[in-house]
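A.B. asks: dropping a prediction and its sequence here:
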Amino acid sequence: MAIKVNEENLEFHLFNDKVSYIFRVLEKSHQLEHLYYGKSIKHRDSYDHLIEREVRPSCNLYEGDHTSSFEHIKQEYPSYGTTDYRYPSHMITNEIGSSITNFTYQSYRIIEGKPSLNGLPSTYVDDVSEADTLEITLFDHILKCTLLLSYSIYTYRPVICRHAQFVNQSQTNIQLNRAMSTSIDFPDNNYEMTYLSGAWARETHVEKQPLTKGIQSIYSSRGASSHIYNPFLALKRPHTTEHIGEVYGFSLVYSGNFLGQVEVDTYQATRITMGINPFQFTWDLKPNESFQTPECVMVYSDTGVNGMSQTFHDLYRQRLVRGFWRDRVRPILINNWEATYFDFDEEKILTIAKAAKEVGIELFVLDDGWFGERNDDTSSLGDWFVNQKKLPNGISGLSKKITDLGMQFGLWFEPEMVCTDTDIFKRHPEWVIQTPNRTASHGRNQFILDFGRTEVVDYIFKMMDDILSTSNISYIKWDMNRYITEPYSTNLHVDQQGEVFHRYILGVYNLYEQLIEKYPHILFESCAGGGARFDPGMLYYAPQTWASDDTDAVERLKIQYGSSMVYPLNSIGSHVSDVPNHQVGRITPIASRANVAFFGTFGYELDITNINEEEKRCISEQVSFYKAKRELIRSGTFFRLLNPFESNEVSWMVVAADQSEAIIGYYKVLSKPNDHYYRIQLKGLDPNQKYVIEERQTTHYGDELMNVGIILAENYTDRANEFWSKKKEGDFSSKLFVLKAIND
Ligand code: DGJ
């Protein structure tokens, strides 16, 4: 049992051999006090010696009691207005306009396993022995509102998942203004905050900053988790490295507006909260209705940032991604976007598919431009009918021809969007998210359908279903190319306009769910102008994500390194594209492009009919290599070795679970003359095992490879003249090393 309760003191200890989380019920006020979150500590009957109560000049709850200020009590799910002045976890306004809350302890229950959330994505268990869930019931007697706090601890992972649920048991409406998924008060602020930030075509750049007094936060107010910040943040000790030291990771299983906020108070206590962004959020909770927050996944690591990432990788790969594709290697694909953009016809598509088939590529993906009159980005989104001029045999005809070649066929959709020239827009202008009497701003000439309306979701499902049920489609790329502006729904009451964003994303989840239910074998790849919705919420429905529209190998080093903070390799869509690269104009060797893209779900995004024989041969070899290694890449343990944000050299590796094999990628961005000596110290190998480096045919023990490293400098003793005649590698070079365990 990973949850122990002291019934007398009402203390709760969630623990396994990696992590402990302790809180209690306060004697007088019956609210919850947080006592400890961190590395596993031995269970004892009581932890009341962990209570800290200094006398401070502050407002106190009880007359004559100078230690009852919530400003100085570490809490589980803090409220505002009764002696705590920091940002709270929740805010509720009642019918008299008051926003004071007082949720007091009622009861607890322990559930074997981990119940799923209602209409929201979440991590799960395959067997109830994998986790235990503690549910605490609190009640506000004035509001007549129940608050359920849910804590699930995985038995064998340093993972605790939290969410909250409010149930209105009064006769009147109450308004939720803030409903965070988690809140933790840490006793000190000696942390650096690490997070992922970026923009279109340069997503998931790793940022870190020491905590300072006051508020520091990451957020989205755009309707998608966004390119700007990923819904992830970590607090790490200043001396923590990739492989040593403490880190707390927080990842929100949600694809809409979020907030991850850290507040350091004047006593250096640190409050972290994460959940739906309270900005532009309200929820009108009617009698007997409930509101459930998304799930926040909290990971503790004492093996550095990389240790935290490995926990996220395993959990998300094994217990967030679902269904047919969860444990399967993914097909190598070719996507026509950068090959043709909108300018294609059936003949062109078939020539690309045939050439791709010849080199062993398995899946052809037809991107944007196959429907309506879409010859550029000004029209047709929402008219999900094939463009007969380009594809006279329809999607069903084309998909048949491609599957007859022995390839799978995939199709692009942007289901949430609409252009004004379409059928759907003309018949239902009210289905667009826009504010009456205000400008409706466009993004890429398109508008957003109000997915908060069930009839819209059902209508789009029907249109997609018409195509899916009549064609051989085994993959869908689901794109989303603009953020929400002028948020408003004519379908909602004036008091409910703060619900637009959350209802929207629930509608997106609903459409995914309907499609998955009917087409469980379709592989979904989510995309939002690249990585604007690369989040755990999406992974629950779409096992892989197009990580960025930037396909340049050098830029991808940063994007994929950053993505790997949270997301497993088999969720990171990464393709080899043409040169000069379409986003930055850089020319990189085809080997380096592949050596980067191998560490993800691999594919191509170039006109394979327009390359020379040598490049074709390279592609054929790359495809064979990936096929041979993709199970290892899918299921292996990933280690980041050299950081692209700090150095000209980048390296990472993936090791098989049984340590019998490993692949190391090494990249040198700019070539340097007379440079320093390079060694790559490896990780995760069996120290006593002998390995052969296949590219060199040299053998080494694991301990040598991890402590000395792979030596990249040459030994020119007695052959110094060879140095001068050797062809220099040039910029953007890379090396791949495959290690295989061999018998002594
Ligand atoms: C943005 C995506 O990220 C691209 O890969 C491509 O699908 C285009 N949209 C198509 O419009």
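C.D. replies: Looks like it arrived, so ask away. Predicted model only: the values in this text are computed from it and were never measured.

A.B. asks: L26 is in contact with E33, isn't it?
C.D. replies: Yes - L26 is in contact with E33 according to CB atoms under 8 Å; the separation is 5.2 Å. Placement of C-beta: from N, CA and C, glycine included.

A.B. asks: now the chain against the ligand: closest residue?
C.D. replies: D368 (3.5 Å; CB to the nearest ligand atom).

A.B. asks: separation between Y509 and G275?
C.D. replies: The spacing between Y509 and G275, counted by CB to CB, to the nearest Å, is 17 Å.

A.B. asks: higher neighbour count, the two?
C.D. replies: G275 (28 against 21; other CB atoms under 10 Å).

A.B. asks: mind pulling up the pLDDT for that one?
C.D. replies: On the pLDDT scale, G275 is placed at 98.

A.B. asks: partner residues bridging it?
C.D. replies: M180, L259 (DSSP bridges).

A.B. asks: how about the contacts made by P210?
C.D. replies: By CB atoms under 8 Å, 6 or more residues apart in numbering, the residues touching P210 are 191-193, 238.

A.B. asks: please read the previous query as pertaining to I92.
C.D. replies: For I92, the contact set (CB under 8 Å, 6+ apart) comprises 99, 101, 140, 143, 145, 166, 174-177.

A.B. asks: also Y341?
C.D. replies: Counted by CB under 8 Å, 6+ apart, Y341 has contacts 368-369.

A.B. asks: correct me if wrong: E76 contacts S183.
C.D. replies: Yes - contact criterion CB under 8 Å: E76 and S183 qualify, at 7.0 Å.

A.B. asks: hmm, back to that, are any of the contacts of P210 buried, and which?
C.D. replies: Buried members of the contacts of P210, scored by 16 or more other CB atoms under 10 Å, are 191-193.

A.B. asks: which single one of the residues you listed is nearest to N688?
C.D. replies: E192 (35.6 Å; CB to CB).

A.B. asks: so for that closest one, what's the pLDDT?
C.D. replies: 98.

A.B. asks: any idea what it is bridged to?
C.D. replies: Applying DSSP bridges, one finds that E192 bridges with P210, K236.

A.B. asks: helices along the stretch 201-350 of the chain, start to end?
C.D. replies: Counting by DSSP state H, counting those that start in this stretch, the segments of the stretch 201-350 of the chain that form helices are 304-319, 337-340, 346-358.

A.B. asks: nope, the chain is what I was after
C.D. replies: 304-319, 337-340, 346-358, 394-404, 423-427, 454-468, 500-518, 536-539, 553-563, 590-597, 613-635, 702-707, 720-725 (DSSP state H).

A.B. asks: quick revisit: most widely separated two among the contacts of P210?
C.D. replies: M193 and P238 (11.2 Å).

A.B. asks: which of the residues in stretch 227-240 are buried?
C.D. replies: So, applying 16+ other CB under 10 Å, buried residues of stretch 227-240: 227-237, 240.

A.B. asks: next, format the contacts of I92 as JSON lines and append neighbour count and pLDDT.
C.D. replies: Listed next are these as JSON lines, based on neighbours: other CB atoms under 10 Å; pLDDT from 0 to 100:
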{"residue": "S99", "neighbour count": "16", "pLDDT": "95"}
{"residue": "T101", "neighbour count": "25", "pLDDT": "97"}
{"residue": "D140", "neighbour count": "21", "pLDDT": "98"}
{"residue": "L143", "neighbour count": "24", "pLDDT": "97"}
{"residue": "C145", "neighbour count": "22", "pLDDT": "98"}
{"residue": "F166", "neighbour count": "24", "pLDDT": "98"}
{"residue": "I174", "neighbour count": "24", "pLDDT": "96"}
{"residue": "Q175", "neighbour count": "18", "pLDDT": "97"}
{"residue": "L176", "neighbour count": "23", "pLDDT": "98"}
{"residue": "N177", "neighbour count": "16", "pLDDT": "98"}
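
A.B. asks: now the residues you listed as TSV including distance to P644?
C.D. replies: Conversion of these to TSV gives the following (distance: CB to CB, whole Å):
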residue	distance to P644
S99	46
T101	46
D140	49
L143	50
C145	49
F166	43
I174	49
Q175	46
L176	42
N177	41
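
A.B. asks: tell me the one of those residues nearest V125?
C.D. replies: Looking across these and measuring by CB to CB, the closest to V125 is F166, at 25.0 Å.

A.B. asks: tell me how far the nearest residue to G397 once chain neighbours are set aside lies from N445.
C.D. replies: Among residues not flanking G397 along the chain, L391 sits closest, at 7.3 Å (CB to CB, 6 or more residues apart in numbering). Distance, L391 to N445, by CB to CB: 22 Å.

A.B. asks: compare the two (neighbour count), which wins?
C.D. replies: L391 (21 against 16).

A.B. asks: which residues touch the residue nearest to G397?
C.D. replies: 345-346, 349, 370, 397-398.

A.B. asks: one more pass at 10 Å, please.
C.D. replies: Counting by CB atoms under 10 Å, 6 or more residues apart in numbering, L391 touches 344-346, 349, 366, 369-371, 397-399.

A.B. asks: ok, which pair from those is furthest apart?
C.D. replies: Among these, G369 and G397 lie farthest apart (CB to CB), at 16.8 Å.

A.B. asks: quick one: least confident helix or strand in the protein?
C.D. replies: helix 720-725 (a mean of 90; mean pLDDT, DSSP states H and E).
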